[in-house]
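Trainee: Give the three-dimensional model of this entry:
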Amino acid sequence: MTGSRYAETYAAWERDPENFWREAARGIDWLREPERIFDPAAGVYGRWFPDALCNTCHNALDRHVANGRGAQVAIQYDSPVTGTKRAFTYAELLREVKALALTLRGFGVAKGDRVVIYMPMVPETAVAMLACARIGAIHSVVFGGFAPRELAARIDDAQPKLILSASCGIEPARRVDYKPLLDKAVELAAHKPDAAIVLQRPQGPCDLTAGFDHDWAALREAALARIDAGEESPCEDVLATDPLYVLYTSGTTGKPKGVVRDNGGHMVSLHWSMEAVFGTKAGETFWAASDVGWVVGHSYIVYGPLLKGCTSILFEGKPVGTPDASTYWRVISENGVKVLFTAPTAIRAIRKEDGEGRLPKRFDLSRFAALYLAGERADPDTIRWAEGALDKPVIDHWWQTETGWPVAANPLGLGLLPVKHGSPGVALPGYRVEILDEGGRPLAPGEMGAIAIRLPLPPGALPTLWNADARFRESYLAALPGYYSTSDGGFLDADGYLYVMGRTDDVINVAGHRLSTGEMEEAVASHPLVAECAVIGMRDPLKGEVPCGFVVLKNGAAPEAVEGEVVAIVRDRIGPVAAFRRVVVVDKLPKTRSGKLLRRTMKALAEGEGFDMPATIEDPAAIDLVRQALAR
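Mentor: Below is the predicted model of the structure:
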C-alpha cells in the first residue's frame, strides 16, 4: 500500500536510535526528564533512561484526569459468563486505584516490595496492578486458577509481602474456586506472605481464614471514605529502571523464569506502539481479547491503552460458547472498537462454528479498522477466512513475553504495507532482526535459521530475569554472542518480511532433512474441512523423526476422507521427503489459556512418554481426547 511511513521511520531509528527514543519519550510525563537516553555499561546489556524519575500509574490515570479525560471511559468491563457490564471512567478508576493504594500502604507494602495478584478477568485486577504501580510496589500477576504447586513456585521466587486474590473465577461451563488453591499454594511455599486480600464474588463466595485473609470490599469502603474525606494517596517517585512487574514464564529447568519489566522504557515503548503499530489514538477504543495473566494483558489490556488515553475492553468470556460465535462482533459493535487483538486460535474456533462467515454481517462494524493476531502462528488460510468474513485488514504480528511489545508487524499507524500471508510483517524500530545459522553467521534471504535480535534490545524489553542475571545471560544471550536469541526459527524474504516457522525445537530432522512443522501446519490448515491443526515430530527408528498431524475438523466433516487428502496436500506442497503419512483426528487440541498449542505435550503422548500436566492448560480433558485418538 502506497503512502506508508514505515521505511522512513525505521531508517530514522537506524540512523540515531537514541534520538528516536528521546523523541518517543516526549509522550510520557517525567518527574525528572531523562538526560541520558541509554547507558551501555549499565545492567546486563545496557539500560534505557537510567537517570529519569517517573510513575506509571500517574501516566496511565492522573495525567489524563488532569488534562480533561476524567469523564471518558477508561475500562469497559464485559462479562458474558456472569451477565455483567460496567464502565469505569478515568476519574472513577483513579479513585479506586487511590483507595487500594492506601490499603496496600496500610499493610506495610512499600516501594520495591512484591505483591502477587491471583485473580480472574475483573476490573479489580487492573485496579490491583495500577495500585501497585502507584506506590512503587512490584506486581506479579499469576493466572487465577493456576495449580497450587506452580503458584507456590512463584511465591517462593518473588517473595511477596501480600497476595491479592478472589474467591473464584468463572468459565463458560464451570466455576473455579480459587481460595482452596491459594491456601494450598501458601502451605506449599517456603516463603509466607503477610496476608491476603480476597475479593468475594457473588457467584462463589469463600470462607476467609482469620488473621490471614481480609475482605476486599470492607477494606475498599474504608479506604474510599478516607479518599473522599480528602486524604492523599500520592504516586511514588521511581527510577525509570526500577521494576514495574515480574511476569513468570515456564522454564525448561522446571523453575519459572521471572521476566522483569521496568517503568520508563515500558511506558515509552507501549505509548509509541499504540498509535504507530496499532493505529489507535487517545479517545479511541482498543480491545485485546486476552487475559492479564499473559503479557498481552499487561501490555495491551491495562498499560498500553491507558497510557495512550484510550478506552480498553476488559472481557471475561470466550470467543465461542459465551453464548455463541458472535460474541466478539457484538462487543466490537456495542463499544465502537477500532482494533481487536486476539489469538489465531480464537478465530479458528469462531470459524469452526461459522464457516460461512455470516455472523459478522449482523453487526455494525463501521468503526472497526483492523484485526491483529498473535500468540500462535497465524496460518494463511485462517487469515484469508477472517479477511473475507470481516472485509477488514487482518494483521499477523509477532512478539514474546520477554520483548513486551511487537518485534515484527504491519504497522497500521504508519500506513499498511502490502500484506504477505504467512508473515507477521517487518521488524519494527528498535529491533534489528537477523537470521543466523548454528555458528551465529547471517543467512541469506529465504534461508531458514535462528531468529535473533541484535543487542541492545529496545525500551520495553526485559532488562533481565528476577534475581537471575546469570540465568538471563545463559537463557537468552550465550548461544549467539551479541544477540538476543528468540528460540524461534524462520527466515527473512528479499523484502525484509519475517516468516516465523515455529520454535527452533519444532524443526524436525527427517532422514537428514531439516523441516519446519510450521510449514507443514500451513499445508494441513489449507484443507477446507480442517478447523485447527498441529504437527509434531515423532521418533522413528529409520528416519530419526517423522511428522504426525493432529487435526480438528469442521462440524460435519467425515474423518476418513479428510485424512488421505491432508496427506496428499503435504506431499504436494513439501514433497515426499516430509514422510508425512499419519493424521490423527481429534475433537479438541490441548492448548494454554492464551490459545497456544501444547505441542510438547502432544509429542509426549504420541511417543508414550510421561509428562507433567501443563500448568497453563485450558482444558485438561483435551489430553484424554488426544490419548484416545492415538489409541484408535
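Trainee: contacts, neighbours, all on C-alpha from now
Mentor: Will do.
Trainee: Downstream of the helix or strand bottoming out on mean pLDDT in the chain, the next helix or strand is which one?
Mentor: Sorting the helices and strands of the chain by mean pLDDT, DSSP states H and E puts strand 513-516 at the bottom, at a mean of 68. Tracing the chain C-terminally past strand 513-516 and defining elements by DSSP states H and E, one meets helix 517-525 next.
Trainee: Following element in sequence after that following helix, please.
Mentor: strand 530-540.
Trainee: Next, the angle helix 517-525 makes with that next one.
Mentor: 140 degrees (axes from the mean of the first three to the mean of the last three Cα atoms, to 10 degrees).
Trainee: Return the alpha-carbon coordinates of strand 530-540 using PDB.
Mentor: Once side chains and other backbone atoms are set aside, the C-alpha atoms of strand 530-540 remain, and they are given as PDB (Å, rounded to 0.1, in the frame of the first residue of the first chain):
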ATOM      1  CA  VAL A 530      -9.700 -28.600   8.800                       C
ATOM      2  CA  ALA A 531     -10.600 -26.100  11.500                       C
ATOM      3  CA  GLU A 532      -7.400 -26.500  13.600                       C
ATOM      4  CA  CYS A 533      -4.200 -28.500  13.400                       C
ATOM      5  CA  ALA A 534      -0.800 -29.200  14.900                       C
ATOM      6  CA  VAL A 535       2.100 -31.100  13.500                       C
ATOM      7  CA  ILE A 536       4.800 -32.600  15.800                       C
ATOM      8  CA  GLY A 537       7.800 -34.800  15.200                       C
ATOM      9  CA  MET A 538       7.800 -38.400  16.400                       C
ATOM     10  CA  ARG A 539      10.900 -40.600  16.900                       C
ATOM     11  CA  ASP A 540      11.300 -43.100  14.100                       C
END
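Trainee: Tell me how this protein divides into domains.
Mentor: Under automatic domain parsing, the residue ranges defining each domain of the chain are 6-317+397-490, 511-631.
Trainee: Could you identify which of those is most buried?
Mentor: The highest mean neighbour count among the domains of the chain, using mean count of other Cα atoms under 10 Å, belongs to domain 6-317+397-490: a mean of 20.
Trainee: Between its first and last residues, what's the separation in that one?
Mentor: Here the two ends of domain 6-317+397-490 are set 22 Å apart, with distance taken as Cα to Cα, to the nearest Å.
Trainee: any idea how far that domain is from the chain center?
Mentor: On the basis of Cα atoms, centre = their mean, to the nearest Å, domain 6-317+397-490 sits 10 Å off its chain's mean C-alpha point.
Trainee: Would you tell me which of the domains of the chain gets closest to residue 358?
Mentor: Proximity to residue 358, assessed across the domains of the chain by Cα to Cα, is greatest for domain 511-631 (15.6 Å).
Trainee: Let me see the ranges of the strands in the stretch 351-500 of the chain.
Mentor: Counting by DSSP state E, counting those that start in this stretch, one finds strands in the stretch 351-500 of the chain at the ranges 370-373, 394-396, 408-409, 425-427, 433-436, 449-454, 483-492, 497-503.
Trainee: And the stretch 501-632 of the chain, by the same measure?
Mentor: Taking DSSP E, counting those that start in this stretch as the test, the strands found in the stretch 501-632 of the chain are 507-510, 513-516, 530-540, 544-553, 582-585.
Trainee: Could you list the residues in contact with stretch 453-465?
Mentor: 43-48, 257-262, 264-270, 402-405, 430-434, 471-472, 482-486 (Cα atoms under 8 Å, 6 or more residues apart in numbering).
Trainee: 7 Å - rerun?
Mentor: Residues from elsewhere that reach stretch 453-465 (Cα atoms under 7 Å, 6 or more residues apart in numbering): 44-46, 48, 257-261, 265-266, 269, 402-404, 430-434, 472, 482-485.
Trainee: what's the closest non-adjacent residue to residue 473?
Mentor: Leaving out its chain neighbours, the residue that sits closest to residue 473 by Cα to Cα, 6 or more residues apart in numbering is residue 44, at 7.7 Å.
Trainee: SS state for that neighbour?
Mentor: Using DSSP: H, G, I helix; E, B strand; the rest coil, the secondary structure recorded for residue 44 is coil.
Trainee: I'd say residue 492 and residue 452 touch.
Mentor: No. Taking Cα atoms under 7 Å as the contact criterion, residue 492 and residue 452 are not neighbours in contact, 11.4 Å apart.
Trainee: Start and end of stretch 536-553, how far apart?
Mentor: Between the opening and closing residues of stretch 536-553 there is a gap of 18 Å (Cα to Cα).
Trainee: For it, the averaged confidence score.
Mentor: For stretch 536-553, the mean per-residue pLDDT is 86.
Trainee: And it, how far out from the chain middle?
Mentor: Taking the mean C-alpha point of stretch 536-553 and that of its whole chain, the gap between them comes to 29 Å (Cα atoms, centre = their mean).
Trainee: Residues contacting it, please?
Mentor: Contact with stretch 536-553 is made by 508-511, 517, 529-535, 579-580, 582-588, 599, 603, 607, as judged by Cα under 7 Å, 6+ apart.
Trainee: ok, now stretch 430-437?
Mentor: Where contact means Cα under 7 Å, 6+ apart, the residues beyond stretch 430-437 that reach it are 13, 407, 427, 442-443, 449-454, 457-458, 491.
Trainee: So residue 168 versus residue 25, what's the distance?
Mentor: Taken as Cα to Cα, the span from residue 168 to residue 25 is 40 Å.
Trainee: which SS class is residue 266?
Mentor: Assigned with three-state DSSP, residue 266 falls in the helix class.
Trainee: And the strands in the stretch 151-300 of the chain?
Mentor: With DSSP E, counting those that start in this stretch as the criterion, the stretch 151-300 of the chain has strands at 162-166, 168-171, 174-177, 195-199, 213-215, 238-239, 243-249, 257-262, 285-288.
Trainee: Include distance to residue 566 and mean pLDDT when you put those into JSON lines, please.
Mentor: Supplementary listing: the strands of the stretch 151-300 of the chain in JSON lines, determined by distance: least, Cα to Cα, whole Å; pLDDT from 0 to 100:
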{"stretch": "strand 162-166", "distance to residue 566": "46", "mean pLDDT": "98"}
{"stretch": "strand 168-171", "distance to residue 566": "34", "mean pLDDT": "94"}
{"stretch": "strand 174-177", "distance to residue 566": "35", "mean pLDDT": "92"}
{"stretch": "strand 195-199", "distance to residue 566": "49", "mean pLDDT": "98"}
{"stretch": "strand 213-215", "distance to residue 566": "55", "mean pLDDT": "98"}
{"stretch": "strand 238-239", "distance to residue 566": "55", "mean pLDDT": "98"}
{"stretch": "strand 243-249", "distance to residue 566": "34", "mean pLDDT": "95"}
{"stretch": "strand 257-262", "distance to residue 566": "38", "mean pLDDT": "97"}
{"stretch": "strand 285-288", "distance to residue 566": "33", "mean pLDDT": "98"}
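Trainee: What is the most widely separated pair among the contacts of stretch 430-437?
Mentor: Taking every pair in the contacts of stretch 430-437 and measuring Cα to Cα, the maximum separation is 25.5 Å, between 13 and 449.
Trainee: got any ranges where this protein has weak pLDDT?
Mentor: 1-2, 250-254, 503-507, 511-514, 594 (pLDDT under 70).
Trainee: what sits against the residue at minimal distance from the centre of it?
Mentor: Among the residues of the chain, residue 296 comes closest to the average C-alpha position under Cα atoms, centre = their mean, at 2.9 Å. The neighbours of residue 296, taking Cα under 7 Å, 6+ apart as the test, are residue 290.
Trainee: Can you give me the separation between it and residue 349?
Mentor: Between residue 296 and residue 349 the distance is 20 Å, computed by Cα to Cα.
Trainee: ends of stretch 348-361, how far apart?
Mentor: Using Cα to Cα, the span of stretch 348-361 from its first residue to its last is 18 Å.
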